[in-house]
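**Student:** got a predicted structure here, sequence first:
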Amino acid sequence: MPNGLSPNMNFVSELSGKNCLVVGAGVTGRAVHDALLKFGATSMIFDEKVAGDKDVINKIPASLDLVIVSPGWRIDHPVIVKLRATGVAILSEIDFAWQVKQVLVPKQRWIALTGTNGKTTTIKMVESIFKSAKINGVACGNVGQTVIAAVCADKPFDYLAIELSSFQIQWSDLPRYESVVLLNIAEDHIDWHGSFENYAASKLKLLKQANKVILNKADPEIVNRVGKDSAVWFSLTTPTVGELGVVENLLIDRAFSTTTDEANEIAELVDISPTVPHNISNALAAAALALSIGIKYEYVKAGLKNFATDHHRMELIVSKDEINWIDDSKATNPHAATASLLSNFKVIWIAGGLAKGASMGELVTRCASRIKAVILIGQDRELIASAFAEHSAATELVRVEQISDAKTLMSDVVKVAIKLAKPGDTVLLAPACASMDQFDSYVQRGELFAEAVKAQV
């Protein structure tokens with residue numbers, strides 16, 4: 001673990017005049033840089049992608065007092081190793097924000113969630129519940145604004161609902177959360193963490209920093225790794241005492257009720273849109289976080305009912321000639337893509353990109369019966385093709401080459417999909433891979449898909 005600082009109530013005032021280095025020039029790094037300047041520190045930004053910055057790291061000032069690292073930097077990166085060797089204090093953005101929070105807004109309460117999939121949807125559901133309850137809170141972290149920006153807001157928030165990636169958790173030690181949710185654990189970012197075990201450990205690390213722990217009873221990786229008496233559990237089954245679940249058409253709470261015999265209605269299934277299994281599970285997780293800090297059931301129900309999913313998450317683009325065209329570009333790993341595939345019955349699946357070290361065998365085994373044909377794109381498409389060759393050799397595979405730019409590629413993909421799709425089918429962009437080999441982001445990938453569909457269908 002990187003060098004750290006103990007919680008210090010004089011932390012902000014002591015930053016004045018200090019020499020600080022921010023590692024990473026992205027959104028997080030810039031927000032940290034701005035905060036340091038606000039507190040009177042001298043701040044430099046280093047990013048290895050910026051020409052000339054390597055000279056900065058080779059001439060680390062001897063008087064450097066503090067380094068703050070953006071998420072995504074591996075702990076064993078040569079730059080981090082070199083900085084640690086100097087003995088300088090190193091903090092992550094999350095730990096830095098916690099130190100600042102303790103001084104500026106000591107009564108502010110933090111709740112958080114993590115998981116391989118569903119994080120953004122669930123934390124935005126919590127934010128919608130905040131709005132319904134008229135609670136002065138915001139979703140931040142790996143979604144929306146950075147945590148340090150939220151802590152330093154001109155009008156202080158009473159609550160932060162923080163979405164945390166495995167990178168952020170790996171780097172963070174100091175915060176104490178009122179409650180946390182772990183949605184699921186599946187293969188992702190294996191290239192960064194080095195192994196699935198390391199990745200799972202980073203997710204589970206968050207549980208040690210919480211007063212209340214809320215876990216998905218339907219996720220085998222969580223159940224196998226966590227003691228059953230140590231948490232509130234949620235699932236799509238009938239809840240027992242200490243759980244949230246589903247009874248007929250109702251979401252039910254038996255964890256935050258006043259007595260063990262009491263069961264309270266959270267919402268109806270029709271309040272959750274889209275009403276698909278993984279999204280109902282997200283709603284239960286969001287409800288549990290809200291109930292854990294005392295929000296009333298009526299506001300939880302209203303917040304869930306008012307919530308609309310983000311773009312590029314199971315977003316219906318066009319429904320024409322009995323064919324649905326769905327953008328789930330945010331399904332950037334096999335676990336997320338599996339949830340999308342299992343929410344449909346006859347799928348023309350658009351898949352491929354950067355697999356990030358994940359395997360595709362389990363996805364194909366579980367979803368092959370739902371998939372009529374696969375349109376393959378991207379750097380790691382042969383990984384998907386190999387999984388089909390092993391587990392579902394009869395499935396039709398069509399490879400689409402990138403001839404020029406990303407827009408043309410997606411136009412070509414849609415042309416192929418039009419030829420393959422028949423009435424009753426769903427054309428689903430849920431690539432199971434990251435996008436950066438051919439697109440700027442999953443957002444651009446989804447937008448170009450939607451644009452091509454609207455132009456051609």
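**Tutor:** That came through fine.

**Student:** find the least confident helix or strand in this structure, judged by mean pLDDT.
**Tutor:** helix 53-58 (a mean of 60; mean pLDDT, DSSP states H and E).

**Student:** hmm, who's touching the helix or strand following it?
**Tutor:** Sequence-wise, the next helix or strand downstream of helix 53-58 (DSSP states H and E) is strand 66-69. Contacts with strand 66-69, where a contact means C-beta atoms under 8 Å, 6 or more residues apart in numbering, come from 2, 5, 15, 18-24, 32, 36, 41, 80, 83, 88-93, 96, 171. Any C-beta I mention is one placed from the backbone N, CA and C, and that applies to glycine too.

**Student:** let's go with 6 Å and repeat that
**Tutor:** Identification of contacts with strand 66-69 by C-beta atoms under 6 Å, 6 or more residues apart in numbering yields 20-23, 32, 83, 88-92, 96.

**Student:** filter those residues down to just the ones in helices.
**Tutor:** Using DSSP state H, the subset of the contacts of strand 66-69 located in helices is 32, 83, 96.

**Student:** could I get the residues you listed as a markdown table with pLDDT and neighbour count?
**Tutor:** Converted to a markdown table, the ones in helices among the contacts of strand 66-69 look like this (pLDDT from 0 to 100; neighbours: other C-beta atoms under 10 Å):
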| residue | pLDDT | neighbour count |
| --- | --- | --- |
| Val32 | 96 | 29 |
| Leu83 | 89 | 23 |
| Phe96 | 96 | 26 |
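
**Student:** closest to His312 among those residues?
**Tutor:** Val32 (27.6 Å; C-beta to C-beta).

**Student:** pretty sure that closest one sits against Leu21.
**Tutor:** No: with contact defined as C-beta atoms under 6 Å, Val32 does not reach Leu21; the gap is 10.3 Å.

**Student:** in the protein, which residue is closest to the centre?
**Tutor:** Centroid check for the chain by C-alpha atoms, centre = their mean gives Lys119 as the closest residue, at 4.1 Å.

**Student:** next one: it from Gly353, what distance?
**Tutor:** Going from Lys119 to Gly353 by C-beta to C-beta, to the nearest Å gives 19 Å.

**Student:** which stretches of the chain aren't confidently modelled?
**Tutor:** Where the chain drops to pLDDT under 70, the residues are 1-9, 49-62, 187, 190, 192, 228.

**Student:** which residues in the stretch 301-450 of the chain form helices?
**Tutor:** For the stretch 301-450 of the chain, the helices defined by DSSP state H, counting those that start in this stretch occupy 334-341, 361-367, 381-391, 406-420, 442-456.

**Student:** wait, Phe256 sits on Leu291?
**Tutor:** Yes: here Phe256 lies in contact with Leu291, judged by C-beta under 6 Å, at a distance of 4.1 Å.

**Student:** hang on, the earlier thing: ChimeraX command to pick out the buried ones of the contacts of strand 66-69?
**Tutor:** Selection command for ChimeraX covering only the buried members of the contacts of strand 66-69, criterion 16 or more other C-beta atoms under 10 Å:
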select :20,21,22,23,32,83,88,89,90,91,92,96
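
**Student:** and Lys134, how many neighbours?
**Tutor:** Using other C-beta atoms under 10 Å, Lys134 has 7 neighbouring residues.

**Student:** nope, Arg225 is what I was after
**Tutor:** 17.

**Student:** with adjacent residues omitted, what lies nearest to it?
**Tutor:** Leu204 (6.2 Å; C-beta to C-beta, 6 or more residues apart in numbering).

**Student:** the strands in the stretch 51-200 of the chain, which residues?
**Tutor:** Applying DSSP state E, counting those that start in this stretch to the stretch 51-200 of the chain gives strands spanning 66-69, 89-92, 109-114, 137-141, 159-163, 177-182.

**Student:** out of those strands, nearest to Val247?
**Tutor:** Of all these, strand 177-182 comes closest under C-beta to C-beta, at 21.1 Å.

**Student:** counting contacts, what elements does the closest one pack onto?
**Tutor:** If contacts are counted by 3 or more C-beta pairs under 6 Å, 6 or more residues apart in numbering; DSSP states H and E, strand 177-182 sits against strand 109-114, strand 210-216, helix 277-292.

**Student:** possible to save these as a markdown table with distance to Gln145?
**Tutor:** Below are the helices and strands packed on strand 177-182 laid out as a markdown table (distance: least, C-beta to C-beta, whole Å):
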| stretch | distance to Gln145 |
| --- | --- |
| strand 109-114 | 14 |
| strand 210-216 | 22 |
| helix 277-292 | 19 |
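
**Student:** can you tell me which of those comes nearest to Ser70?
**Tutor:** strand 109-114 (17.6 Å).

**Student:** sheet partners, orientation included, of the closest one?
**Tutor:** In the sheet, strand 109-114 lines up against strand 159-163 (parallel), strand 177-182 (parallel) (DSSP bridges).

**Student:** which other residues reach the last one?
**Tutor:** It refers to strand 177-182. With C-beta under 6 Å, 6+ apart, strand 177-182 has contacts from 109-113, 115, 206, 209-212, 214-215, 222, 285, 289, 292-293.

**Student:** and Val374, how many neighbours?
**Tutor:** Val374 has 24 neighbours, counted by other C-beta under 10 Å.

**Student:** does it touch Leu397 like I think?
**Tutor:** Yes: using C-beta under 6 Å, Val374 is in contact with Leu397, at 5.1 Å.

**Student:** so what sits against both of the two?
**Tutor:** Joint contacts of Val374 and Leu397 (C-beta under 6 Å, 6+ apart) do not exist.

**Student:** hang on, the earlier thing: tell me which element the residue nearest to Arg225 falls in.
**Tutor:** Counting by DSSP H and E, Leu204 is found in helix 196-205.
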